[in-house]
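Chemist: pasting the sequence and the predicted coordinates here, then a few questions.
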Amino acid sequence: MPYTPLELANAFIQTGELTDALDALNQQLAASPEDDASRRLRVETLLRFKGDEHLQAALADLDQLATLTIDDLVKRSLIHQKRGDLDAASQSMILALQHEPTSERLIERQVHLLQSRGDYAAALKLLEVVPLTWRWQQWRGDLAALAG
């Protein structure tokens, strides 16, 4: 019994043969363009390659998903950051935070992006919803010092 393109893609990923995995995922999506799980796997595979063309292809795949998960939005943010577009990266995180406004993982990523953009006031405002722990207090202090 022959293997499906998706089974082959998973095997190629396990062995580190990413070009072959990408070819198999392309076959899978050509046969089943609505297969969001395969599309997400192709995004993950594309992110392992170097080069802007792979990042653009990953963004195009994310644009074709029926619904975006929080992880999809974080991936979109990471792609934009890798491409040097911190504003778009931050916008993706804003969308993710609308779904989970108290997620410390999402907040920390957005704070980091805001800090990278020099928007210390917005980063400090975002920290108002996190607990008063040492880690977050350290962020507050660092951002306050940077803000002057």
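Modeler: Looks like it arrived, so ask away.
Chemist: and the closest residue to residue 12 other than its chain neighbours, what is it in contact with?
Modeler: Leaving out its chain neighbours, the residue that sits closest to residue 12 by Cβ to Cβ, 6 or more residues apart in numbering is residue 21, at 3.6 Å. C-beta here means a position set from N, CA and C on the backbone, and glycine is covered the same way. The contact partners of residue 21, by Cβ atoms under 8 Å, 6 or more residues apart in numbering, come to 8, 9, 10, 12, 13, 45.
Chemist: if you set the cut-off to 7 Å instead, what comes out?
Modeler: 9, 12, 13, 45 (Cβ atoms under 7 Å, 6 or more residues apart in numbering).
Chemist: secondary structure element for the third one?
Modeler: Pointing back at residue 13 there. Assigned by DSSP states H and E, residue 13 belongs to helix 5-15.
Chemist: list the buried ones in that helix?
Modeler: 5, 6, 8, 9, 10, 12, 13 (16 or more other Cβ atoms under 10 Å).
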